[in-house]
Every structure is written in structure tokens, then in C-alpha cells.
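J.: Sharing a sequence plus its predicted fold:
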Amino acid sequence: MPDPTIRVRIAPSPTGQLHIGTARTALFNFLYARHVGGTFVFRLEDTDVARNTTAYEEDIIGGLHWLGITWDEGPDVAGGGDIGAYGPYRQMERLDWYRAAAERLLAADDAYPCFCTPEELEADRKAQEAAKQPPRYVGRCANLTADERSARLAEGRRPATRFRVRPGVVGWDDVVRDRIEIDTANLGGDFVIVRADGTPLYNFTVVVDDAAMEISHVIRGEDHVSNTPKQILIYEALGHPVPVFAHLPLILNPDGTKMSKRKSQTAVDDYRAQGFIREGLVNYLAYLGWSPGTEEDILSLDDVVARFELTKVQKGGARFDRERLEWLNGQWIRKLAPDDLVDRLRPFLQAAVDDGRIGRMPTDDEVVALLPIVQERLPTLAAIVDLVGFLWTDDVPVDPAVLVPKRWDPAATREGLTAARDVLAAHDGVTWEADELEPPLRALVEERGWKAGDLFMAIRVATTGRTATPPLFDTLVALGRERTLARLDAARAALDGR
RNA sequence: GCCCCCAUCGUCUAGAGGCCUAGGACGCCACCCUUUCAAGGUGGAGAUCAGGGGUUCGAAUCCCCUUGGGGGCACCA
């Protein structure tokens, strides 16, 4: 049931790393397109030449792909060629389109050349501010005669192009917030659509491109609501049909303000580097401002596509809750198949080797063998290092103070560790399985009248350096006989050295 | 200063006039399981549906006002 009349887009500007907010907007556009069988377009708004870099372009495209978000038209790789019949999909390659559109507006007097200098505009703004007036263009160049214009041109002054804002009210039926109407008197006067240097501005290019690419639904953040009337004015002046608008609620910092780098972690890359997986992040992001209206909470990308409705989008902003993200991430990590999980864990293990947090890289087999005891304990992939890093490090620092269980004293601990060491050393060493290690140690506890927890905790700390680990006997198996005995010896020595 | 938007547990949300003595999830607290930590299970605390007026037989749901919060007011996107 593909619907060729529905075309949506994401149009990031490559001036920074992929932002959580951009990813969410891209996701919602993708979800809508896939749900209705429409077309999803990716376009690069790269007219801010001073701040663009291909590295950011790569980061954005790579990040979206990593999340599982794909598009039907646009550049598929950084710096790469376009796919699709409505290209080019980079604004810097569409300069002719903007020039032609600007000329049409100029010819129809819907726009005019403005010779105001930055100094003049700055002075106007200062005066308005002092008078507690809202900033707006005063219209100095709005009604210049042809002679006045040519005179200024003759002086060598390069004009910007301003769009003439007509009086009246502009309104639209927003899919998420119903009817919105704004008096054009509040738009700040005629606005610039082409800079004096000839490069076009956002509110203008976005309309020219969306119209040319036949975008039917503009799904974007609420921060664009105030741009919408300006854009509608341009659509009308250009004679293009106005698309349907859907303004999504913002993603907020914990304090309720618009999510920002200053107050939150906003780069998708950073979440990825911390071991969040695409399934978890996508699931979490989908629920920021949307819900299926059921009591489901673990949904795959495909599940969300099947359930997504623009009309179920929330109006109010949603604070980013990292705790919930971690829980969801853990849920998804638990669902991964062993081989898949090992593949995803490998880079995190390698990173730990590289910066010395662990001494060596475990083999895939070693990691697979460990999954039954670690998979359900990982809120993130990166947590693997904290959880069982002691397995791949030669010297595990053991703090004598934590080595002694609460009910024991150092002497008792020494005695316990010695007895445990003897019991384990008596094991033949041919096999070394959890269900072979536990019974004799429990028998030891029984015989001495100890509490199992005390002895086990002493062994745990002695062999891992930690009080919280995966189940003890599985851990000792992973450690191996020799290292288990060696660490027990070392711990006793540490106790003696006190 | 001006314009616009929003408002259900701490957080994400269900709720589209009676099914709501407001449901779920995260987080929190107990208990169970248990060698620690998780996971899982059970139960609990937690929202006078921001406040006030209407409309209606009946309002979290519709209207108005107030308050609070947010977004935007560039030759940025």
C-alpha cells in the first residue's frame, strides 16, 4: 500500500555531530513515511559554508544509518552521490533554483533589494530594544524608487534581498497542535531571503526545496512553529501548494528547557560510545513524544513503524530520562543472540585494552562462554569492562579492609581463605566446573560452622577484587584453576602484610 | 518587550464526556528468590488530572480566565 503522494524529509545541516533531537525528528519522519508507504528524503542544508564539514556530514549520515534509519532519496554516504529524481540533495548544489526563485519574487515585487548596512540594522535594533519594542525591520529600503536603487548599485553597494511581508493573518492546521494563526505584523517585518553575498537563507531555501521535492508533510521540531508563517508566505508568493505541517514536541533537559549540549549529552555518537545499542535508543526515542496507546513498552523499530500515527504525537515537551534509556537498553541487550552480542561487545573490550583498563583481549569463545552470567547484568555494552574486567587483568588490587567479611576478623578470613584454597587445590584440575566447585566448599562451610555467604564473599573479593560480581563459581571457572589459586594466595599475603 | 505553544504520579506516558475510587513503565521502598550484584516475581508509596470559573444529568477529557513552564523573535539552521 505505497502512497506516492506522501513525501517527507529530514534536512540537517552538517554543522555539528548528529544531535539526539535531529535523530528523533529523522526517526519520526522515517516512521511516518514507512507506516504510510510514503517516500523519505534526506537533504543536506549546507548553506552555512563557514561551519560545514564533511566530517559532520559523515557523522550524521553514519549515525542515522546506525540507528536503522534509511531514506529513499538523497546522499547515502558522506560526500557521495545522490539517489533520487528530485536532486541534487545538497543545497549548495541548488543555488540556481534559489536564484531563479528569488528573481521571480523580485520581478513580482514580492521581494526587493535592501541596501541597509549591518551598522544601520544594528542601530535600529538597539533603538527598538531601548524603547522596549519588539525587534523588526523598519522598512528603510521597502519603497526605494528605481532611481534610488540604481544610485546605490552605482555606488557599488551589494543588496540583500528582502521578502515583502503582507499584512494579514497566516494560519495552518497543524497535525499535532491543530489550528495555529499568526498575524504577520508579529513577524518582525520584511525578512532577508538572500544575503548580500548572494547566498540564500534558511526560510527561503527550505521552501524552494520542499516545494521542488514535492514534500507533502513537514514534520519537524516545535522550535520551527514561528518560522512557519514566513514559509507559508513564500509558498504563496511562489504559487506552490502549502504542505501539511506537524510540529513535534521538543526534547528537554532535566530542567525542562530545550535540550542542549550545555546541559545534556546530545551527541548520538556519545551514547553509542557508551554502549547504548540502536534498538534501545530507537525504542526510547520513539517514546519521547509518542506512544502507541497501548501498554507495550518494548518495541522494535519495525514494531513502531507498524503502530506509528502522527495523530498520537504528544503536544508537550519530553524530558530526557537517562535512567529509563538504560533500562530499555538493558532489555534489548538481553534479547541479543550470543554471536551478535559478542560482535557488539568486541569494540568496547578493545577500547579497554587500548587504554589499559584490561590487560588483554579475550577471545570470542571466552566471551561467549561468559554470556550466560553477564548478559542480564549489562545496562550498556561498555559495562562489560567494569563487570568482569578482572578476568583479563593480571594484577587485581585487593583491599584488605573489604576482604574481611563483616562477621569475620582478619584471622578468621585468613583461615577461611586457606581452607578454601586447600579444598580447591585438592580438585583434580582435569575439569573445573561450577557444579564441581560448589559442593566441597559448602561441605567446608558446614564442617566449620561458618556462614556460606562469609566464605564466599571472602573468596569473591580475593579473586576479583570486588564485592559485586556474577555468580561466584561461574566466575572462578572463567578465571581458571591456576589464577584462582594464585589470587587466593596473593590475598592471604595481602592480609598478612597488614 | 512582542508573538506562539504547552500543562495527568519525580520522569516517559494511557486517557479522545460516563468503562477512572485515573491504568502502565522507569525510578524509589518492601518482600520472595539468593553466595554478592543483577535479572525475575509479588506488593507498596507516589497525580485533590496546575488553580478558578463555566457548559453538561455527568468532565482529566469541551469553553473561558489565571498561574506556571517552554519555544521563537538574525544578512544561523
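T.: Sure, I can see it. Numbers count the residues shown, from 1 in each chain, chains lettered A, B, ... in the order given.
J.: Okay, now stretch A:258-268: how far is its last residue from its first?
T.: End-to-end distance of stretch A:258-268 (C-alpha to C-alpha, to the nearest Å): 17 Å.
J.: Could you do stretch A:37-52 as well?
T.: Using C-alpha to C-alpha, one end of stretch A:37-52 lies 33 Å from the other.
J.: ditto for stretch A:67-83
T.: 20 Å.
J.: Repeat that for stretch A:100-117.
T.: Stretch A:100-117: ends 25 Å apart by C-alpha to C-alpha.
J.: So what touches it?
T.: A:140-142, A:144, A:149, A:152, A:157, A:159-164, A:190, A:192-194, A:200, A:204, A:208, A:234, A:237-238 (C-beta atoms under 8 Å, 6 or more residues apart in numbering). The C-beta positions use only the backbone N, C-alpha and C, and glycine is treated the same way.
J.: what about it, near RNA strand B?
T.: Yes: under the criterion of C-beta under 7 Å from any atom of the strand, RNA strand B is reached by stretch A:100-117 at A:114, A:115, A:116, A:117.
J.: Make a PyMOL selection of the buried ones in those residues.
T.: In PyMOL syntax, the buried subset of those is picked out as below (16 or more other C-beta atoms under 10 Å):
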select buried, chain A and resi 114+115+116
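J.: Direction included, what does the helix or strand of chain A with the lowest mean pLDDT pair against?
T.: None of the helices or strands of chain A scores lower by mean pLDDT, DSSP states H and E than strand A:82-83, at a mean of 84. Applying DSSP bridges to the sheet, strand A:82-83 is found paired with strand A:74-75 (antiparallel).
J.: got the phi/psi numbers for the most far-flung residue of chain A relative to its centre?
T.: The centre of chain A is farthest from one residue, residue A:447, which by C-alpha atoms, centre = their mean lies 56.3 Å away. For residue A:447, the backbone dihedrals are phi -60, psi -40 (criterion: degrees, to the nearest 10).
J.: and the gap between it and residue A:423?
T.: Going from residue A:447 to residue A:423 by C-beta to C-beta, to the nearest Å gives 10 Å.
J.: swap in residue A:222?
T.: Residue A:222 is 66 Å from residue A:423, by C-beta to C-beta.
J.: higher neighbour count, these two?
T.: For residue A:222 versus residue A:423, the count of surrounding residues by other C-beta atoms under 10 Å is larger for residue A:222: 18 against 14.
J.: what bridges to the nearest residue to that one once chain neighbours are set aside?
T.: In this structure, residue A:222 finds its nearest non-sequential neighbour in residue A:247, 4.7 Å apart by C-beta to C-beta, 6 or more residues apart in numbering. With DSSP bridges applied, residue A:247 shows beta-bridge pairing to residue A:220.
J.: Residue A:247 touches residue A:221, doesn't it?
T.: Yes: with contact defined as C-beta atoms under 8 Å, residue A:247 and residue A:221 form a contacting pair (6.9 Å).
J.: Give me the more crowded residue out of the two.
T.: Taking other C-beta under 10 Å, residue A:247 and residue A:221 do not tie; residue A:247 has more neighbours (22 against 19).
J.: Check what pLDDT residue A:466 gets.
T.: On the pLDDT scale, residue A:466 is placed at 94.
J.: Look up how far residue A:385 lies from it.
T.: Using C-beta to C-beta, residue A:466 is found at 12 Å from residue A:385.
J.: for residue A:260, same thing?
T.: In terms of C-beta to C-beta, residue A:260 sits 30 Å off from residue A:385.
J.: out of those two, which sits in the more crowded spot?
T.: residue A:385 (21 against 12).
J.: Could you tell me which residues make contact with the more buried one?
T.: Shown in contact with residue A:385 (C-beta under 8 Å, 6+ apart): A:348, A:349, A:352, A:357, A:358.
J.: Export the residues you listed to TSV and append columns for secondary structure and distance to RNA strand B.
T.: Converted to TSV, the contacts of residue A:385 look like this (DSSP: H, G, I helix; E, B strand; the rest coil; distance: C-beta to the nearest atom of the strand, whole Å):
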residue	secondary structure	distance to RNA strand B
A:348	helix	17
A:349	helix	19
A:352	helix	19
A:357	coil	19
A:358	coil	19
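J.: Derive a PyMOL selection command for the buried subset of those.
T.: The PyMOL selection below is limited to those of these classed as buried (16+ other C-beta under 10 Å):
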select buried, chain A and resi 348+349+352+358
